[in-house]
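Student: Structure for this input, please:
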Amino acid sequence: MFSGSFDHNIDKKGRVSIPAKFRETLVKKYGSRGITLINHKGCLLVYPKKVWEKMIEQCDSLNPFDPKVLNFQRSFFAMAHELEVDSQGRVLVPSKLRDQAGLEKEVVIVGSANKFEIWDKGSWEAFSLSPEGDGWALAAQVFKPPQA
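Tutor: Next comes the predicted model:
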């Protein structure tokens, strides 16, 4: 599982170091250094290769003749970039994705269960202070009380 948040910088070539804890999870739990980056509402979602492959399987099971499915697949897969974490623990974030997510220099890498996210530091701080980023309030809405 990916959890925690880590401050990092994007270098002049557009590379960002993936936290050591996350690199270890990629290899031990998911068996690969392969990842897929996709832009999503101001941040980049980062899926391990195995999680991404399961998402592709789900997409393959959709009706290929449904116009909504076709439009979804076109837009969703057009945004996705399959990459590999290099031997120094870095990934080159394509300039198009950096621009779409507003990533410049300072970023925050945030764990999110079976994926992690890369945020511009200022955007992450603003989100964290917003109602949408209030984890405790959201937990009350999302989780159901345990059954006795």
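Student: Helices along the chain, start to end?
Tutor: Using DSSP state H, the helices of the chain run over residues 20-28, 49-60, 67-78, 95-101, 121-129, 135-142.
Student: residue nearest the centroid of this protein?
Tutor: For the chain, Leu45 is the residue whose C-alpha lies nearest the centre (CA atoms, centre = their mean; 1.8 Å).
Student: and Ala137, what does it touch?
Tutor: Going by CB atoms under 8 Å, 6 or more residues apart in numbering, Ala137 touches Pro131. For glycine as for every other residue, the C-beta is placed from the backbone atoms N, C-alpha and C.
Student: Now render the helices of the chain as CSV, adding distance to Gly111 and mean pLDDT.
Tutor: Shown next, in CSV, are the helices of the chain (distance: least, CB to CB, whole Å; pLDDT from 0 to 100):
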stretch, distance to Gly111, mean pLDDT
helix 20-28, 7, 95
helix 49-60, 13, 93
helix 67-78, 23, 92
helix 95-101, 17, 94
helix 121-129, 13, 94
helix 135-142, 12, 80
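Student: so which of those gets nearest Glu84?
Tutor: Nearest of the helices of the chain to Glu84, taken as CB to CB: helix 49-60 at 8.9 Å.
Student: ok, and for that closest one, which residues are buried?
Tutor: Buried residues in helix 49-60, counted by 16 or more other CB atoms under 10 Å: Lys49, Val51, Trp52.
Student: thinking again about what came up before, beta partners for the residue nearest to the centre of the chain?
Tutor: Ile38, Glu117 (DSSP bridges).
Student: For it, give me its contacts.
Tutor: Contact partners of Leu45, counting by CB under 8 Å, 6+ apart, are Leu37, Ile38, Asn39, Ser112, Lys115, Glu117.
Student: Show the buried residues in those.
Tutor: Buried among those (16+ other CB under 10 Å): Leu37, Ile38, Asn39, Lys115, Glu117.
Student: Please consider this matter closed, and thank you.
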